[in-house]
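>>> Structure here, sequence nowhere to be found:
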C-alpha cells in the first residue's frame, strides 16, 4: 500500500525494466527513464545516453551472498546498483577464500568498465544483501561507448574515463569558500539585494563600529529578520542562517572581516555588488524582475540552505560548536543507515568530533595503500576511486559510500579520527553498568548526564541517570518498576521511558508473558519486620498498579481482543481490592482500576448491540467480521464472512466450505495491471492490504498462470471533471481532511509496531493503518486518472490549477497526507511528461518544495516541526523512519533485548500521538454548509491504478515530441 518511491526503490513487478528490451514500448521507456533519473549513478548522464540505456538495459535481482563475478574473470556485463549493496573483495593469492573486503558498493554505484578491453576483473563482487541491478551486455556497452564517448569519459573510472589520480600530496586543510560564484547564486544575490533596496533600503548603509566606518553593509540579525518576513518557506532563524550561508560560501555575500560563516549576530555583511564604489541602485525594470523572481529565489535557497548550514557547522573546530550545532549534526547521523546500530550516546559523542573536508581538485590522494589509517570517511558529495597497486581502479565510490575504516564501522561519518572513535567507545564502556547472573549479562545500563534539575522540595536532583541499553525482558521490567517515580502524574514527560516499555513490550514480552510477570511482582515480601514488609509492599504494589494503569490506557479497546489480558485485569482487580482492606492507601488507585475494568465491559456490550457506524467511524477490530468477495478462475465469485484478522489459511478454509471442495487451493492478490502474488498461509490483514483496485482470487496452484484481472479492475473510462469543476477547491480540501482525520484517528499506535515487525509475528490486524495508507495511493491515482481522462487541453490546464489549489488548502488544514498525495500525483510520470499542459498552466513550483526528498525530507520535517496539533502527518514517511530503524538494528544483541532500538521506534510512534493530542475542530463556516455531494464524492473516488494504462493515456493526450 505504501508508495514504493518513498519506502524502497523496488523495480521488480513495478517497472517495465523487468521486461526484455525488445518487448518495451515507448511508454515503457518513458517510465524507465523517469525512474533511472532518480538513481545517483545516472544523475550526470546526458539524456540521450540515458535514453539508450533504457532501451538496452536488463533488470536483475540477487539474494544476499551471491557472487556476481570473481577476481580474474573476463567480464561480459556492466552494472549499476539500483537497490541494496555489494562487497568488493580482493585477494593477493589465487585463493578466493583469502579475499579481503576493501569497500562496499551502495545504491547508485556503477562498475564493470573493464569489459571495454576484456581485461580481467580486478576484484570479486558479492551481494551484501538483497540487491537489484541494471545490467548492460558487453556488445551494447561498447556501442554506447563508441557513440557517446564524450559524455561517458568523465563518468567512468580510469583508464576509460578522465584520469583522476595524481601523485600523493600531504594532507592539509583546504579552503572551502568557492572562488567563482555560480550563475544561479549570483542571480539570487542580486535579487535579494534589489529586494532589500526596494523594500527596506535602510538596511544597506554605511555603519560605524569602534571609530571605523564600514561602507554599504547589513547586520546579520537584520538579514535574518528580513528573510523570515519574505516567504512562508522560511520557518526558523536557523533555516534563514543556512540560506544566507549559501551566498556567503560563494562570495556573493561577504563578512566585512572575511569570516567564513554567517551568524545571527550584530556582525556586518556586504553584498558583492556593494564592494565597488558607487554601486548602482536597481532600475524600475530590475525592481519588477525582483518582485517576480523573489519567491523562486527564496525557494532555491531554502532547498540548498540546510547543506550549507551543515558545512558551516562542520567547519568549526569541535571545541567551538554550540549545543544547537551538536544537535543538528546528531540529527544528521540518525539517518546514516550503517550508524543506526550505534547507541544514542555514541552518536552524540561523534557529533562533537566530526570534521568537514573539501577536496575541489580531482586527483587528490587521501591516503596510499599500505599507509596506517588515521581517518575514516563518508562521501557527502562527489566520488572517490579505490586503486590497488598492479590492478588499477577496482571501483568508484559515490555519495553515501564510506572508506578508510571498514573493520570498525561500514558507513562512517565524515573524516572522524579513529582515535576519537575508539575514545568514545572506551568512554561509553566505562559508563556502562552490567548486571550479571550465572556469569551472563542480564541487564546493561548506561550512565548519561541528567541535567541539574531542582525538585519540588528544592533539593538538587542527581547529575547523572542510568538508561536501559539491553537486558532480559524480566530484568527490564524489574528495573522500570524499581526506578518508577510515584509522585509523577500519568501524563508527565519524565515517564516517557516507561511508556516506551509499555508501547514496545509486545515485541519482546507479549501479554501472555507480561501478565504473569506483573502478578509475580505484586505479592507481599516474605522477609523483614512487619513495618518493613508493609512499607515495601505499599510502594511496590503502587508501582505495579501504576504500570498496569498505563498499560491498559495505551492498549485501550485492543485489550478486548486478548482473552488472557482481560482475565489478568479482572484477577488483578480482585487482588488489589482484597489488599485495600489492609492497605487503605491503595483505594485511590483501585477506583482508577475499577473504571478501566468496567469501561471495557461496557464498550464490549455496546459494540455487540450496534453495528451502525454511519454516524461516527469506529476503529476496525480483529474480531469484526467482514463480508468479502473472493473470485475464481472463471471470474465468478463467492462471498465469505470471516473475522478481519483471519489468516490466509482460514480464508481458504472459508472459501472451500462455500465451494464444497478446496483441496490444493491458493489465495492470490491480483492487481489491475496483472501482477499476481501468492499469499502465505500465515499472512493476516489480507482484505485491507490489497491495492486500490486489487482483488482476491482463489484457485488450484496449477491454474495460477491462467488468472487474469477482472474488467472492473481497469477503473473508469470517463472522468468526473464535469462534476468536479463545479465544486469549490476549499470545500473539497475540507471534506477530504474530515475523511482523512476519521481514518487517521482510527489507527492505533500499536498498528505501526505490528506493521514494522510483521503482522504475522503478532497475529494481529493492521486494518486501520492499511486503509489510511491505501487512501494515500487512492488520492495519488485520482489526480493522475482525472488529468489523463481529460482530453481537452484548456480543461486539463484548469484541472491542474485546481489540484494545486486543493493541495494548498490541504496544507492550510495541516492535512499533509493528502497534500503529499496530490503533489505525488502531479509528479507521476503520466502527468509530469505533459509538457504542453504545464507550459500553458504557468504554475509556480513553490508547493513542490515540501516534496523534496533530499537530506531525508528535511524540508518536510522543518515544516512539521513548526506546526501545532491537530496534524494529519505524511504517514509513508513515518513508516519509512520506523522501517529504517528496524532494519538497521538487531532486536536482540547477545541474546538480550536491544532496548535502544525499542526507544528509537517508540519515539517515532509518539509522533502519531502528538499529531492527535488536540481534537480536530471543523471549520465552523464550512461545517454549517450542506456539502453532501462533495462529502460523497471525496469518499468514493473511482480511479485507474495501472501505471502502464495511465502512461498510454498520457501519450495519446500529448504524443512524444520528435
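Noted; the coordinates are in hand. All values derive from a computational prediction rather than experimental measurement.

>>> Which residues does the longest strand belonging to the chain contact?
Secondary structure of the chain per DSSP state E: the longest strand is strand 440-449. For strand 440-449, the external contacting residues (Cβ atoms under 8 Å, 6 or more residues apart in numbering) are 343, 345, 428, 431-436, 463-472, 475-476, 479, 894, 896. For glycine as for every other residue, the C-beta is placed from the backbone atoms N, C-alpha and C.

>>> Any quick PyMOL command for the buried ones out of those residues?
Command for PyMOL that selects the buried part of the contacts of strand 440-449, burial taken from 16 or more other Cβ atoms under 10 Å:
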select buried, resi 343+345+428+466+467+468+469+470+471+472+475+476+479+896
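
>>> on contacts alone, who are the packing partners of the longest helix along the chain?
In the chain, assigned by DSSP state H, the helix with the most residues is helix 284-315. The contact analysis (3 or more Cβ pairs under 8 Å, 6 or more residues apart in numbering; DSSP states H and E) places helix 284-315 against helix 183-199, helix 220-230, helix 237-249, helix 323-333, helix 854-865.

>>> just checking, what packs against the second one?
Counting contacts by 3+ Cβ pairs under 8 Å, 6+ apart, helix 220-230 packs against helix 237-249, strand 268-271, helix 284-315.

>>> now the first one
Judged by 3+ Cβ pairs under 8 Å, 6+ apart, the packing partners of helix 183-199 are helix 237-249, strand 268-271, helix 284-315.

>>> Dump these to CSV, plus distance to residue 663 and mean pLDDT.
As requested, the helices and strands packed on helix 183-199 are arranged in CSV below (distance: least, Cβ to Cβ, whole Å; pLDDT from 0 to 100):
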stretch, distance to residue 663, mean pLDDT
helix 237-249, 64, 91
strand 268-271, 80, 93
helix 284-315, 59, 87
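
>>> winner for burial among those?
Comparing the helices and strands packed on helix 183-199 by mean neighbour count (mean count of other Cβ atoms under 10 Å), helix 237-249 ranks first with a mean of 23.

>>> how big is the angle separating it from helix 284-315?
If you take axes from the mean of the first three to the mean of the last three Cα atoms, to 10 degrees, helix 237-249 sits at 100 degrees to helix 284-315.

>>> Quick one: list the elements packing against helix 237-249.
Against helix 237-249 (3+ Cβ pairs under 8 Å, 6+ apart) you get helix 183-199, helix 220-230, strand 253-255, helix 284-315.

>>> nearest to residue 84, of these?
Evaluated over these, closeness to residue 84 peaks at helix 284-315, with 26.1 Å, by Cβ to Cβ.

>>> on that earlier part again, Throw the helices and strands packed on helix 284-315 into CSV and include distance to residue 629, thanks.
Below are those laid out as CSV (distance: least, Cβ to Cβ, whole Å):
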stretch, distance to residue 629
helix 183-199, 56
helix 220-230, 55
helix 237-249, 51
helix 323-333, 48
helix 854-865, 38
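
>>> between these, which one is nearest to residue 112?
helix 854-865 (28.3 Å).

>>> Run through the stretch 401-550 of the chain and note the low-pLDDT ranges.
For the stretch 401-550 of the chain, the stretches flagged by pLDDT under 70 are 401-402, 404-429, 450-463, 487-495, 524-533, 536.

>>> For it, which segments count as strands?
402-403, 416-417, 432-437, 440-449, 464-471 (DSSP state E, counting those that start in this stretch).

>>> quick one: contacts of the last one?
Pointing back at strand 464-471 there. 343, 432-433, 435, 441-450, 476, 479-480, 497, 893-894, 896-900.

>>> angle of that strand against strand 432-437?
Using the same axes, to 10 degrees: strand 464-471 against strand 432-437 is 50 degrees.

>>> and strand 464-471, which strands flank it?
strand 440-449 (antiparallel), strand 896-898 (antiparallel) (DSSP bridges).

>>> hey, which of the ones you listed is tucked in deepest?
Mean neighbour count (mean count of other Cβ under 10 Å) peaks for strand 896-898 among the strands paired with strand 464-471, with a mean of 22.

>>> And the strands in the stretch 651-800 of the chain?
Counting by DSSP E, counting those that start in this stretch, the strands of the stretch 651-800 of the chain are 665-670, 676-678, 695-700.

>>> The helix or strand where residue 588 lies - what's its average pLDDT?
Assigning secondary structure by DSSP states H and E places residue 588 in helix 587-609. For helix 587-609, the mean per-residue pLDDT is 63.

>>> Show the subsequent helix or strand relative to it.
strand 625-631.

>>> Just give the nearest non-adjacent residue to residue 778, would you?
residue 692 (5.1 Å; Cβ to Cβ, 6 or more residues apart in numbering).

>>> Give me the secondary structure label for residue 60.
Three-state assignment for residue 60 (DSSP: H, G, I helix; E, B strand; the rest coil): strand.
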